[in-house]
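In: I would like to see how this sequence folds:
(chains A and B)
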Amino acid sequence: MGVGRRYGAGGPWVLRDIDFEVPAGTLLRIEGANGSGKSTLLRLLAGIDAPSAGRIVDRPRTAYVPERFPAALPFTALGWLTHMGRIHGLGRAAAAAAGRDWLERFGAGGHARTPLAELSKGTSQKVAVAQGLLGAPGLLVLDEAWTGLDRASRALLDDAVRDRVAAGASVVFVDHDPRRLAGAAGAGYRVEAGRLTRVPVPADAPAGPRVRIEAQAPPGGAHLPPDLPGDPHRESLPGAVRLTVAAAHSDALLRSLLTARPPWHIRAVTALDPRTPGEDPRP
Amino acid sequence: MIPLLGYQAALLLRSHRWLPPLLFYGAVMGIGVQGGQPVLDSLGWAAAALVPVAAWLVRVCVTNEPDAARNCSVAAAGPRRVHLAAVLTGLTASTALAVAGTALVAAIGDPRSADHRVAVPVLPASLAGLLGALACVLLGTGVGALCNRPLLRSPAWAVPSTILAAFLVMFVSGSPANAAVTGLVTGSRHGTVTMPLLPLALAAALAAGATAVACAVSARR
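Out: Residues are numbered from 1 along each chain as shown, chains lettered A, B, ... in the order given. Just a heads-up that it's a prediction; the model follows:
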């Protein structure tokens, strides 16, 4: 409803007449040049700033992950996460358990007792990301949260974001990598000259390794189960089908084929080189 | 609200930023309060010293959380509640000082009037001293809330304004803190104890108003 934001009463409008909705269970990508107002928009969505004009309504419990987290706080990593979990409504024991769990998932379990001020840049960022995830918020706002994370942690955060969306939460993110969460984003918006315009999201670009599965149809020629995990690319073969899917979804896809009624027979599973999708099975 | 208060309290304790205001209060008490002095005079001094201390503790609490961490807690709990928790943490800390200071003065002060002739009942005097101290704490908290972020963000404005406002609140006649302290000191001349209930009520209202303004503005910046 025409949300705007400017800094100072006479300042220029950083954002003007923004009117958009974040539906539950969607992933929204925000893009724009440096200084275009992306971060301002995310801060408004997260409730950190109030709009100078207009209103934001019906915000669920929100978590925000900043791009850099150089927090000189007098807590250990786990101590701070426990406090944040409590602020997100968890009990003390549940907050500590969730904090420990997320640190371990990001490979930072060994730093649970390290004071925040002594953590490396990357580990600090993992703590900030764990803070965003441990409360299972209804709205997760990620302002370039992947910056500073190692490769494995970036992939883990991608998965965690997909899980949040699958669980019915909304996730809004900004990231430099145009292929970040490609295929998973429900909508994309571009901030330009203080306005928000809808832009197409990149299709499911093969950002990671892919897996090709050849499955033989059960006798009687059954149809493929509906809603195959990972929305695989399909090629028909005589009496069989060749499915190509992101490696992250391959296990679920296999399970879905094997547990179909009647079950499909798996003939071959091949890992594909990420740079040449659909071609040249890896030797 | 309880988790936020626990977080802010832990932040204050572990940051050790409570130490300078505590030492300041100790120094002021050392200058103005000695064993054997008329108890009501000392209680007045102990209460007045709490105005700048309370304002300082509020400043410490509302500036204690780094921006990156504050953004995270504000997203989770909202800016008003995060700011309210910070102000209340400062208020709690200075209330603890008020209780300790009053107890100390009641223990070492001479329970007689200023000329040491008329006996002053210790318990009513201590209660009056505590209420006066609370009035000063509340007014100092209001000063701290209005003179720091989010209303005055730059230390160049916030620190001098806090000091100036704290002294105005102590010395300008008509201010509830001044009335509470004057009541204690005047009572000491005749050995009479008057409960500073009206100053306390006014100070509470002013502190609540100041905190409400600061919390309302906290979302805007």
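In: where exactly do the helices run in the stretch 1-150 of chain A?
Out: A:38-46, A:77-87, A:92-105, A:121-134 (DSSP state H, counting those that start in this stretch).
In: Could you tell me which helix of the chain is the longest one?
Out: Since no chain was named, I'll use chain A. Taking DSSP state H as the assignment, the helix of chain A that covers the most residues is helix A:151-166.
In: wrong one, I was asking about chain B
Out: Per DSSP H, chain B has its longest helix at helix B:79-108.
In: Next, the buried residues of that helix.
Out: For helix B:79-108, the neighbour count (16 or more other Cβ atoms under 10 Å in any protein chain shown) marks B:79-95, B:97-98, B:101-102, B:105-106 as buried. Where C-beta positions appear, they are placed from N, C-alpha and C, glycine not excepted.
In: how deep is A:Gly122 tucked in, by neighbour count?
Out: 14 (other Cβ atoms under 10 Å in any protein chain shown).
In: residues touching it, list them.
Out: A:Gly148, A:Leu149, A:Asp150, A:Ser153 (Cβ atoms under 8 Å, 6 or more residues apart in numbering or on different chains).
In: Filter those down to the buried ones.
Out: A:Gly148, A:Leu149, A:Ser153.
In: of all the residues you listed, which comes closest to chain B?
Out: A:Gly148 (12.5 Å; Cβ to the nearest Cβ).
In: Look up how far A:Asp19 lies from that closest one.
Out: Using Cβ to Cβ, to the nearest Å, A:Gly148 is found at 33 Å from A:Asp19.
In: What pLDDT is listed against the residue in the stretch 101-250 of chain A that chain B sits nearest to?
Out: Distances between the stretch 101-250 of chain A and chain B by Cβ to the nearest Cβ are smallest at A:Gln131, namely 5.6 Å. A:Gln131 carries a pLDDT value of 95.
In: tally of neighbours for it?
Out: Neighbours of A:Gln131 (other Cβ under 10 Å): 30.
In: Quick one: residues contacting it.
Out: A:Ala63, A:Val65, A:Trp80, A:Leu81, A:Met84, B:Cys72.
In: just A:Arg100 next, same as before
Out: A:Leu78, A:Gly109, A:Ala112.
In: From A:Leu156, how far off is it?
Out: Distance from A:Arg100 to A:Leu156, by Cβ to Cβ: 16 Å.
In: How is chain A partitioned into domains?
Out: Annotated domains of chain A cover A:15-199, A:210-271 [automatic domain parsing].
In: need the residues of chain B near chain A, please.
Out: B:3-4, B:6-7, B:10-11, B:14-16, B:65-66, B:68-69, B:71-79, B:219-221 (Cβ under 8 Å from any Cβ of the partner chain).
In: quick one: buried residues of stretch A:99-110?
Out: A:Gly99, A:Arg100, A:Trp102, A:Leu103, A:Arg105, A:Phe106, A:Ala108.
In: sorry, that was for stretch B:29-39
Out: Across stretch B:29-39, burial judged by 16+ other Cβ under 10 Å covers B:Met29, B:Gly32, B:Val33, B:Gln37, B:Pro38, B:Val39.
In: Now, the residues you listed that are in helices?
Out: B:Met29, B:Gly32, B:Val39.
In: Tell me, how many residues neighbour the nearest residue to the residue of the stretch 101-250 of chain A closest to chain B once chain neighbours are set aside?
Out: Distances taken as Cβ to Cβ, 6 or more residues apart in numbering or on different chains put A:Met84 closest to A:Gln131, at 4.8 Å, once the chain neighbours are dropped. Neighbours of A:Met84 under the rule other Cβ under 10 Å: 29.
In: does A:Met84 really touch B:Ala76, like I thought?
Out: Yes. Counting by Cβ atoms under 8 Å, B:Ala76 is a contact partner of A:Met84 at 6.9 Å.
In: Need the residues touching each of those two.
Out: A:Gly135.
In: looking at chain A, which helix or strand does the model trust least?
Out: strand A:3-6 (a mean of 69; mean pLDDT, DSSP states H and E).
In: Among the helices of the stretch 1-150 of chain A, which comes closest to A:Ala182?
Out: A:Ala182 lies closest to helix A:38-46 among these, at 18.2 Å (Cβ to Cβ).
In: which secondary structure elements does the closest one contact?
Out: On a contact count with 3 or more Cβ pairs under 8 Å, 6 or more residues apart in numbering or on different chains; DSSP states H and E, helix A:38-46 meets strand A:3-6, strand A:13-18, strand A:27-31, strand A:62-65, strand A:139-143, strand A:170-174, helix B:67-77.
In: Pick out the shakiest of these, pLDDT-wise.
Out: It's strand A:3-6: among the helices and strands packed on helix A:38-46, that one has the lowest mean pLDDT, namely a mean of 69.
In: JSON lines for the helices and strands packed on helix A:38-46, including mean neighbour count?
Out: Below are these laid out as JSON lines (neighbours: other Cβ atoms under 10 Å in any protein chain shown):
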{"stretch": "strand A:3-6", "mean neighbour count": "19"}
{"stretch": "strand A:13-18", "mean neighbour count": "20"}
{"stretch": "strand A:27-31", "mean neighbour count": "22"}
{"stretch": "strand A:62-65", "mean neighbour count": "27"}
{"stretch": "strand A:139-143", "mean neighbour count": "25"}
{"stretch": "strand A:170-174", "mean neighbour count": "24"}
{"stretch": "helix B:67-77", "mean neighbour count": "24"}
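In: low-scoring pLDDT stretches of the stretch 151-283 of chain A, where are they?
Out: For the stretch 151-283 of chain A, the stretches with pLDDT under 70 are A:202-208, A:273-283.
In: could you pull out the strands for it?
Out: Taking DSSP state E, counting those that start in this stretch as the test, the strands found in the stretch 151-283 of chain A are A:170-174, A:187-192, A:195-199, A:210-216, A:233-237, A:240-246, A:265-272.
In: quick one: which of these is nearest A:Ala252?
Out: Of all those, it is strand A:240-246 that lies closest to A:Ala252, at 8.9 Å by Cβ to Cβ.
In: Name the spans of chain B whose pLDDT lies under the cut-off.
Out: Checking chain B against pLDDT under 70 turns up B:221.
In: in chain B, which residue is closest to the centre?
Out: Closest to where the C-alpha atoms of chain B average out (Cα atoms, centre = their mean) is B:Val137, at 2.2 Å.
In: so what's B:Asn199 up against?
Out: No Asn there; residue B:199 is Pro. So B:Pro199 contacts B:Gly132, B:Ala135, B:Pro176, B:Ala177, B:Ala179, B:Ala180, B:Gly183 (Cβ under 8 Å, 6+ apart).
In: correct me, but the last one touches B:Leu197?
Out: No. Here B:Gly183 lies out of contact with B:Leu197, judged by Cβ under 8 Å, at a distance of 10.0 Å.
In: So for the two, which residue has more residues nearby?
Out: Neighbour count, other Cβ under 10 Å: between B:Gly183 and B:Leu197, B:Gly183 has more, with 25 against 13.
In: for the more buried one, phi and psi?
Out: phi -60, psi -40 (degrees, to the nearest 10).
In: before we move on, the earlier item: could you point out which element follows the longest helix of chain B?
Out: helix B:122-146 (DSSP states H and E).
In: helices and strands around that next one, which ones?
Out: When contacts are defined as 3+ Cβ pairs under 8 Å, 6+ apart, helix B:122-146 packs onto helix B:39-48, helix B:50-62, helix B:79-108, helix B:155-171, helix B:176-190, helix B:197-218.
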